[in-house]
Every structure is written in C-alpha cells, then in structure tokens.
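Asks: Whatever this is, show me its structure:
(2 chains)
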There are 2 protein chains.
Amino acid sequence: MTAGAGVVLRRERLHSSLGSPAMGSINFLNEVMGRFPDALSFAPGAPHISFFDQIDVPRHIDRYLRHLTEDRGLKPDQAERLLYQYGPSRGLIGDLVAGALRTDQGIDVPPESVVITVGCQEAMLLALRALAAGPTDLVAVVNPCFVGLSGAAGLLGVDLVPVDDTDDGIDFAQLDDVCRAAREAGRRIRALYVAPDFSNPSGGFLGLADRHRLLDVAAREDFLLLEDNAYAFTARQPGALPPLKALPGGERVVHLGTFAKVCMPGARVGYVVADQRVQDASGRTGLLADELATLKSMVTVNTSPIAQAVVGGILLEHRGSLASVVSAKAALYQRNLRLLLDALESALGPGTGAPAGVSWNRPRGGFFVRVRLPVPADERLLERSAREFGVLWTPMSHFYLGSGGDYQLRLACSYLDPDAIKEGVARLARFLHAVCPS
Amino acid sequence: MTAGAGVVLRRERLHSSLGSPAMGSINFLNEVMGRFPDALSFAPGAPHISFFDQIDVPRHIDRYLRHLTEDRGLKPDQAERLLYQYGPSRGLIGDLVAGALRTDQGIDVPPESVVITVGCQEAMLLALRALAAGPTDLVAVVNPCFVGLSGAAGLLGVDLVPVDDTDDGIDFAQLDDVCRAAREAGRRIRALYVAPDFSNPSGGFLGLADRHRLLDVAAREDFLLLEDNAYAFTARQPGALPPLKALPGGERVVHLGTFAKVCMPGARVGYVVADQRVQDASGRTGLLADELATLKSMVTVNTSPIAQAVVGGILLEHRGSLASVVSAKAALYQRNLRLLLDALESALGPGTGAPAGVSWNRPRGGFFVRVRLPVPADERLLERSAREFGVLWTPMSHFYLGSGGDYQLRLACSYLDPDAIKEGVARLARFLHAVCPS
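Replies: This is a model prediction of the structure:
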C-alpha cells in the first residue's frame, strides 16, 4: 500500500477468497459475455422472464398488509411500520413459509425454525458459519458444487472436502472414505452439502434409496445435511421425490431454499429451516434457527421487510401454497430441458456423425445439463466458441473443488426461448465439429 | 450431537462468535424488553416513526422506473426486468448514491467505486473481509465500538484491537502504542474503524484537527480508515464537519453509509465507497469496490433491486440530494437530544441533590448519550431498573472489546416522543437515587 496518485493495495494482501480460481473464472465469463453480446448464451442459470408479467409489487405488498391487519389484528399504521422499521433477524414471514413447506413439500416444522434470509446465498453462509466452528471442522460437498457454497466457505475460511457425484447419485464409497480419513486426521465432518433435486451445475439427482442411504450415513457419522432445494420445484410430476427434510431421519437436515426461482430473484428472499435443538453449557436449549438468526444480525441485520412483504403477498394470494404457481413454471423449464436434450440428440446423438467422445447427461429437471468433451473446455476454448461460433457456455471446472471437470461444460436452458435453444445447439454442434478430433 | 427425540447440538461446538458476551447481552436485553413491555425504553437506536408517513413504496418504485426509461433509455419491460431479475453485485443505484454523496457531503468519487449493500452491516462485513486477509492482520477500532462491527469481525475471525475514545476524540497516544505493539509482534493494522460523527454507542465526535491528525496517522502507519457515516446527517447546522472521506488524504478512507436513518430501515439499503486501487501480481489494477462486489456475491449475491428502486426513487424525487429530507429529520433528532440533555440536567444536574458520581456527555448530534454511574450498570441492575422503575437502557459494557464500560450505560432518544423522554428521565432519576449511594 503506497500513496501517490492514490492508494494502491496489493491484491495478494487482500483476503485469499478473492484470489480463488472460481472467482477469477466467473469474472472471465462475465467479461466474455460483455465482449460478445450477440452470442447465444447457455451460461446464466436465470429464471425465464415470461413469469415477470405476473408480478405486481404494490398489489403483493397490499395483500401482505391486509393479512397483518385482518388476520393478525394490527392497526394499519402498525402494519406499515412493520415494513418500514427494523425487524426481527429471523424475519416476518416464517409462518407463511412454514405453511407453504408443509402444504407443498411435506416438511412439517414450526414457524420459529424458519429464518428468512437474503436469498439462499445468505442461508448457506449462515449454516456454514454456525456449524464449521473450528479448524478441525470440515464440511463435505457433493462435487462439482454450486459456486455460491464454495465461495461462502472460502470467505469464512471453512475447509471443504469433496465427495464426487456420479451420473446417478453420490459416490457413497468415497463418502465413507472421506469420513474415515477425517476421523484419522483428528478432524470431523460437521455437515454435507447436497442438492438432491437437480444440482447446479450438473443436474445431479438422488433417487429415493440414495436419499434414505444418505440420511443413514449422516446419522451413523453424526453430521448434518445441508439440503439445497432451489431447483426441486422443476421436478416432473408425478414422480417427484420428497425432500430429505421430509423423510424419516430428516431431523438431521438443515433445509435451504429460495423464492428467487418460484417468485422472482429481485426480492432476494430465501430461507433456512433449522429445527435442530441447541443446548448450552447450563443445559438450556433453543433452536439452531435462533443461532442462525443471531449470526444473521451480524451479516445483514434482517431481510428487507418490504421484500418479505412482496413474497408474503404472493404466498397469501395463492392461499399459502405455491403449487399452482410452480406447476406453470415447472412446465416451462421441463419444456426447455426437453428441447435442449432433443436438440443435442438430433445434432450430436448416435448416427449424426458427431465427434467421438461428446456425451451428456439427461437430467429429469433443473436448469442444467452437463456435456463431456474429448478436448479441454477451458477459457481459451470458451473464447473461441464465443468469437467464431457465437455460443457461450460455462466451463465445468469452475465448479470443481481443486482440480477436475476440465473436459466438461455446463449448459443452462432456463431463461431461453425455444428458437434460441435450437439455434444455440446448432452453433454448439458446429463448434464441437470444429474443435474435436474427428 | 445425538439422536433421540431429535437432534441436539452442543452450543460450544457451534461457532465461537455465537458465544461472545455481546451476543449474550443483546439477547438478554431483548428478553428484558419482552418481559417489561410497558417500560419506557432508552434502548433501541431506531429512527422516529413520524417520517414513515412520507413513504410511498409504489410511488418511489415508479419514479425509479421512470428514470430508467426516460433518462437511461430502457424500454418499460427492460426496466421492470432490472427490478425483478438478478442484478449486478455492485447494485443498480451507485450513480445516484455517488451523486448524493457529491452534493450533500462533498465526497467526489466515481459511481463505480460505490457498492450497494444490505444495510451498513453488510458494508462493514465486506470491508473487514477484504482487508483482514490473514492471521497477522489486525483491525483497530475506537472503543467502545458498534456491536455490528465487532460482531461481523467475530463471525469472520478478524482480530480487533481497541483504541479508547475520550470525551473529545480518540486517544492518539494509545493509537501510536497500538501500531507499535502490532509491528513488534510481527502483525499489522490494516484498518481503523471510526464513526467521526456521533458514534454508536457513545456519541463520540472527532473535531476537525483530530480528523486531519487521524488521516495523517493512517498515511504514516499505512492503514485504511473505515468511516461509519450513519449518524453524520444529524449534525447541527452550521458547524457540521466534512467527513474524513472529503478531506485531503481521504483516498485512505473506505466510507460506509446507510439509508436506514435518512430514508427507512425497512429497505435495508446501505453502501460502501471504496475507490482505492487494487493491483494484482500481473500489474493489472481495478478498484477495491470491485473486490467488495465479488465478496458480496458470496454473501447476498446482490441487494434487492426492488429495495434499491425504493431508495433510488426517493433520491430522484429530491433531485438527487437528500439535504432537504435530512434537515427535517436532523431537526427532530436534535430536538430529542436537547430534550434528553435538558431533562438530565434538570433531574440530575448540579444543585439537584443527585447522587454523586452520576455524569454524562453532551453530544452535539447522533442518537446516543453516555451516562456514567457510581455503581456497575450490569444486567442485574437493568432488570431492577425495568421491574421497579419502568425504564430500560443498554449496559455500555456490551460495546466494549474485552472488558470495560462496567459503570456506564447508553441512552438512545431517537425514536421517542418528548413526553416519553421527560417521563423516562424522571424514572431514570428515581432509579438512580435508589441504587446509587447517597
């Protein structure tokens, strides 16, 4: 740090999480998207804009205010004050969220076990912070892993340990090894982060037997499960599975969710369900949710009550259940996923003369498909894909802890329209023909 | 952690920041307030509700949307999408905030040096995280210190070192000692946190000479200043001093602010100004704000664009300057402070027969007054004050790093009406007569 024309700080003297490869890669991706604005992009996992037409912020807020006066007996000025003043760190709409979780997902928890957060991102940060208490604590993650989770862990200095996913679940043998290795090193797995319903980035999915098995391992090894539920609503019906939190043994599950996809990202409202009991040295017990709310008071104080009112109003307009909202959205995302998989099949499937070594998984929900290539899907290849072929994607290596994923890319199809998906896959096919050895 | 009726976690196995005395004390204070709802409370530093009448969320959002279409050329659906979709981590209204900082506070920085945060709390967390990079790094704080700062540091594992305040500034001799001791221990002060205009909790204020002196020390010792500006708007006019950021040498200042007090807490919109340059190993430079935005993407992703639109709309309705909004609010807080100080003088000042050893400071702005007692102002005394005398306050020891402040309490007068202030002081006087040795 020296004076001169101004203050100049050395990057390597700032926190190490800023120098992580994932952060650098994300910046690179944003930069490429900025330089090639006309490229068709399979990169952002953003919700489809068609649903924004249904949003009416003043109406949603009014509906929530009416709930406060009519159902909860507040005077109109008291109700407004609740929206404008500071509020409880745990949030205002925990009761409505608990109700929706019960109706829509079979998760039966008391409202006081819900903490309303600034998106799922803050929920992850709080759960990691509470549980990873010291240098011997570890958090296991299914690898590849959502960058929001690994980023929050890096910011907090929480050590992660990877457990590979497989195309049909988790590598349970490796999970056993990881637990054993931790014990032998005098360390302890405190929690495992998993998105059982269509993970970001790989579209991974846990079958029912594997859900039970994972809950058994958690009980045997005495760790909690951090269940990320962000994409579960996109599951094909019938056939959707209950979340881990709703299964026997679910008391070991801290359930993380968001209204970003089912309502809108712009409200920045998520939640964490933590009904585990916490006992202090004097024997008094409270809920883990209480501890997370305390931590939240040191991160964001509370989630904007105005934003909570928007989401609360939407929940109330649908009589406390988002099932009807979600089914229309799930149908669109299912359609997009089918279009993407069909287009890949037509362009690059068997009998198309596609380059050898190109393959992909076939998720039954979510926003993402993983494609494997015979060449490294690195930043240089992405730049060429953008410049010469007008199509963007995300290198899967961004999502791997340490090394891995070098020959894979992620396609997101959530925010695209059908024509864009088809044209994007056509460009992707031309690109792959050009860069893969024939 | 054992099974049984459910999962029970041991508190001491959760993160240590949850076991800090400050967290325990705050929980105790909330509990006391809940148990004695009829007590007059000098505890919460909340804004006065009278200004909430001026809030009209739909109108503010409309105004911001109109700005996007009329001034920035977006189509209406593009403008709405900006509010509902994910957005940039640095936020949407950095330009408006930079404009207001220039007009209202003489802080001249480019919009790209502003990151919009979820209140000042997140701004503090991000600044601490970026700068306190490793185990040898320290952050100095003027002690007593806002619990939001010490809480965020505890959550991040950032080591703080106290520098005592004095009734008219900072103990500069101690600051020199602290810097020397750090060097000798092979450590380094990376930043000093200070609220030059009416600190929470003690109403501390830095005169102009001390502001210059502090900037000189920062330059000489090569650390940054984290300037908390939350209460500066309450300064008596004329006579308000420029913020550190607007003074020569201000390039060493990371400026932290919030719209909680000048607009409303419920929007949860704050900001951090970080125009320092950051150079990486390859010589490329960016702004510290860029790094803070990257960290923010791992904490809350982005601040709710809807909440930003509310604040942006208010700024636009006042042509980009909050001076007129602020002057009415400042007048009310000045009135409250004067009423509180006058009532203390009448009830406990010289010639009133008040107990010896009761004294207080006389801040010229802010929300808080510090009272010194001849007896420990601990939790037991607070409970008695609430139960027998119907008046609540905050033990000042909550705000001290380590030990200190045992014989002090904090009075907040911001949200009270005149009659409540007078009645509260009358109760406080009766309480002090009862508990202090005569």
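Asks: ok, which stretches of the stretch 251-400 of chain A are helices?
Replies: Using DSSP state H, counting those that start in this stretch, the helices found in the stretch 251-400 of chain A span residues A:288-296, A:305-317, A:323-348, A:379-389.
Asks: Now do the buried residues in the last one.
Replies: Within helix A:379-389, the residues that count as buried by 16 or more other C-beta atoms under 10 Å in any protein chain shown are A:379, A:381-383, A:385-386, A:389. C-beta: built from backbone N, CA, C; applies to glycine.
Asks: Out of these, which is nearest to residue B:320?
Replies: Checking the buried residues of helix A:379-389 against residue B:320 by C-beta to C-beta gives residue A:386 as the nearest, at 38.1 Å.
Asks: Excluding sequence neighbours, find me the nearest residue to the closest one.
Replies: residue A:36 (4.2 Å; C-beta to C-beta, 6 or more residues apart in numbering or on different chains).
Asks: coming back round to it: spatially, which two of the buried residues of helix A:379-389 are the most separated?
Replies: A:379 and A:389 (15.4 Å).
Asks: Leaving out chain neighbours, which residue sits closest to the residue nearest to the spatial centre of chain A?
Replies: Centre of chain A computed as the mean C-alpha position; nearest residue by C-alpha atoms, centre = their mean is residue A:230, 5.2 Å away. Distance criterion C-beta to C-beta, 6+ apart; nearest residue to residue A:230, sequence neighbours excluded, is residue A:258 at 5.3 Å.
Asks: What residues does the one you found make contact with?
Replies: Residue A:258 sits next to A:119-120, A:123, A:230, A:269-271 when contact means C-beta atoms under 8 Å, 6 or more residues apart in numbering or on different chains.
Asks: shaky segments in chain A?
Replies: A:1-5, A:25 (pLDDT under 70).
Asks: Break it down into its structural domains.
Replies: Annotated domains of chain A cover A:15-44+A:324-435, A:57-321 [automatic domain parsing].
Asks: Neighbours of residue A:319, how many?
Replies: If you count neighbours by other C-beta atoms under 10 Å in any protein chain shown, residue A:319 ends up with 11.
Asks: quick one, phi psi at it?
Replies: When read as degrees, to the nearest 10, the backbone of residue A:319 gives phi 50, psi 40.
Asks: Then residue A:247?
Replies: Torsion angles at residue A:247 (phi, psi; degrees, to the nearest 10) stand at phi -90, psi 160.
Asks: That one reaches residue A:216, doesn't it?
Replies: No - using C-beta atoms under 8 Å as the test, residue A:247 is too far from residue A:216 to be in contact (10.6 Å).
Asks: Between the two, which has more neighbouring residues?
Replies: More neighbours surround residue A:247 than the other of residue A:247 and residue A:216, with 18 against 13 (other C-beta under 10 Å).
Asks: mind listing the helices for the stretch 1-150 of chain A?
Replies: Under the criterion DSSP H, counting those that start in this stretch, helices of the stretch 1-150 of chain A are mapped to A:21-35, A:57-66, A:76-84, A:94-105, A:119-131, A:147-156.
Asks: Taking the stretch 101-250 of chain A, what residue is nearest to chain B?
Replies: residue A:151 (3.6 Å; C-beta to the nearest C-beta).
Asks: Roughly how far does that residue sit from residue A:403?
Replies: With distances taken as C-beta to C-beta, to the nearest Å, residue A:151 is found 18 Å from residue A:403.
Asks: Name the residue in the two with the higher neighbour count.
Replies: residue A:151 (24 against 8).
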